[in-house]
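> Next comes the sequence, and after it the predicted model I'd like to discuss.
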Amino acid sequence: MTPLKNDFTQVTVVVPCYKVRRHILGVLQKIGQEVSRIIVVDDKCPEQTGQFVKDHCQDPRLMVLFHETNKGVGGAVMTGYRSAIELGSNVIVKIDGDGQMDPRLIQQFIQPILDGRADYTKGNRFFDFERLASMPWIRLLGNAALSFLSKLSTGYWDIYDPTNGFTAIHARVASHLPFGKMSERYFFESDILFRLGTLRAVVLDVPMDSNYGDEESHLEISKIIGEFLVKHVRNLLKRIVYNYYLRGISLASLELPLGGMLLFFGLIYGTFHWYWSVNAGIATPAGTVMLSALPILLGLQFVLAFISHDIKSVPSFSINQRLGYLPTKAARNS
């Protein structure tokens, strides 16, 4: 594997577009000079946002790509990723075109990658509790539930706001993502975290605020919570098998199945004898109660020990550092 050149001047911003015609020009105008190229991906937008951008934006950094069919936000981002990698980008930033994200924060997202502290950065709208009042309550509840599911399925216990779409990624890390297997629609942000976890990439939250104006939201929590739940469970099972049985064996590899079996036995045994005692009208013997409670308590302890190990296993040493993709000091200061 050939290391990247020691310069990080090639920063590319990817902007997926679908029904954002009213806001897109304002977003593009705020993108600063730290960005070398802007890739707008028109995801078969009925408002023809891509053509509108080509006609009204004269920024020489601009490239507009068009999808013949609607692929979803994930599909549009992956199209932008592929193009950015082919163009030799070093860092790829993704922002939405609806004006909720401030492009002036881009430097804060790319700096941890330039410094080698992270492979992937993402926004976190929950860092300042005083400002959460500006966020619609349904989004607060939905994000709280999705954050917990994401922690379980990705293994990144120290991050929040998993559906935040303001992100930056080292291009070399992005090149190792299995684009053909990743979710193309709203589950994309969570799915990419799962894929990064299998690579042992370091993910870092970046505090940010969001502006909620007259933009049209296409994400309805009530409609996608079931789909997200199924996909999170699938990713959780895949992550456990890969990290704890295929990649390597540890004490945690024994704690989880042993704890699960003890919990299952205790619950089934206890429920059966409780039901039998109720129907028979007699008290359950103390020995039977203990034989049910002890496996449950032991099983719970084993499962908690596994979770503790999993939390401590969050990656802290970036792929950039491990594989030598960091720029020289002179290049960082250039």
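Cool, the structure landed.
> Where does the prediction get shaky in the protein?
Along the chain, the model assigns pLDDT under 70 to residues 1-9, 129-136, 138-139, 210-224, 324-334.
> Would you map the strands across it?
Counting by DSSP state E, the chain has these strands, from start to end: 11-17, 37-42, 62-66, 91-94, 120-124, 167-170, 203-207.
> I'd like those written out as TSV, with distance to Q301 and mean neighbour count added.
In short, each C-beta sits where N, CA and C put it, glycine included. As requested, the strands of the chain are arranged in TSV below (distance: least, CB to CB, whole Å; neighbours: other CB atoms under 10 Å):
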stretch	distance to Q301	mean neighbour count
strand 11-17	46	28
strand 37-42	49	26
strand 62-66	53	17
strand 91-94	42	28
strand 120-124	32	25
strand 167-170	37	27
strand 203-207	29	19
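> okay if I get the ones you listed as CSV plus distance to F228?
Written out in CSV, the entries for the strands of the chain read as follows (distance: least, CB to CB, whole Å):
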stretch, distance to F228
strand 11-17, 19
strand 37-42, 23
strand 62-66, 28
strand 91-94, 20
strand 120-124, 17
strand 167-170, 18
strand 203-207, 19
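> Which of those sits closest to S318?
Ranking these by distance to S318, with CB to CB as the measure, places strand 167-170 first at 8.2 Å.
> for the closest one, packing partners?
With contacts defined as 3 or more CB pairs under 8 Å, 6 or more residues apart in numbering; DSSP states H and E, the packing partners of strand 167-170 are strand 91-94, helix 106-114, strand 120-124.
> CA-only coordinates of that strand in CSV, if you can.
Taking Å, rounded to 0.1, in the frame of the first residue of the first chain, the C-alpha atoms of strand 167-170 are listed here in CSV:
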residue,chain,number,x,y,z
THR,A,167,-18.7,14.5,8.3
ALA,A,168,-15.0,14.4,7.2
ILE,A,169,-13.0,11.3,6.3
HIS,A,170,-9.4,10.6,5.4
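> all numbers from here: first residue = 743
From this message on, residue numbering opens at 743, which makes the last subject strand 909-912.
> That one: partners in the sheet, and parallel or antiparallel?
The sheet places strand 909-912 alongside strand 833-836 (antiparallel), strand 862-866 (antiparallel), with pairing taken from DSSP bridges.
> To T754, which of those lies closest?
Put simply, out of the strands paired with strand 909-912 the one that sits nearest T754 is strand 833-836, at 5.2 Å, with distance taken as CB to CB.
> Identify the residues contacting the closest one?
Taking CB atoms under 8 Å, 6 or more residues apart in numbering as the criterion, the residues outside strand 833-836 that touch it are 750, 752-758, 777, 819, 822-823, 826-827, 848, 851-852, 855-856, 907-913, 916.
> what does stretch 759-766 give?
Here stretch 759-766 makes contact (CB under 8 Å, 6+ apart) with 757, 769, 782-792, 794-795, 812, 815, 818, 838-841, 956-958, 960.
> The same query, at a cut-off of 10 Å, please.
Taking CB atoms under 10 Å, 6 or more residues apart in numbering as the criterion, the residues outside stretch 759-766 that touch it are 757, 769, 782-795, 798-799, 806-809, 812-815, 818, 838-842, 955-958, 960.
> next one: stretch 1038-1054
Applying CB under 10 Å, 6+ apart, the contact partners of stretch 1038-1054 are 893-894, 897, 899-900, 981-982, 985-986, 992-1009, 1011-1012.
> Mind doing that once more with 7 Å?
By CB atoms under 7 Å, 6 or more residues apart in numbering, the list of residues contacting stretch 1038-1054 from outside reads G897, W899, A994, E997, L998, L1000, G1001, G1002, L1004, L1005, G1008, L1009.
> got it, and stretch 974-981?
Taking contacts as CB under 7 Å, 6+ apart, the residues outside stretch 974-981 that touch it are L891, S892, L894, S895, G897, S932, F936, G939.
> switch the cut-off to 6 Å
Residues from elsewhere that reach stretch 974-981, judged by CB atoms under 6 Å, 6 or more residues apart in numbering: L891, L894, S895, G897, F936.
> Count the neighbours of the last one for me.
When counting by other CB atoms under 10 Å, one arrives at 24 neighbours for F936.
> Report the contact partners of it.
Residues touching F936, when contacts are defined by CB under 6 Å, 6+ apart, comprise S895, T896, N977.
> try the first one
With contacts taken as CB under 6 Å, 6+ apart, L891 has the following neighbours: H974.
> so how far is D1052 from it?
Taking CB to CB, to the nearest Å as the measure, L891 falls 15 Å from D1052.
> Ok, the fourth one next?
Look at G897 and D1052: by CB to CB, they are 6 Å apart.
> ok, these two, which is more surrounded?
G897 (24 against 19).
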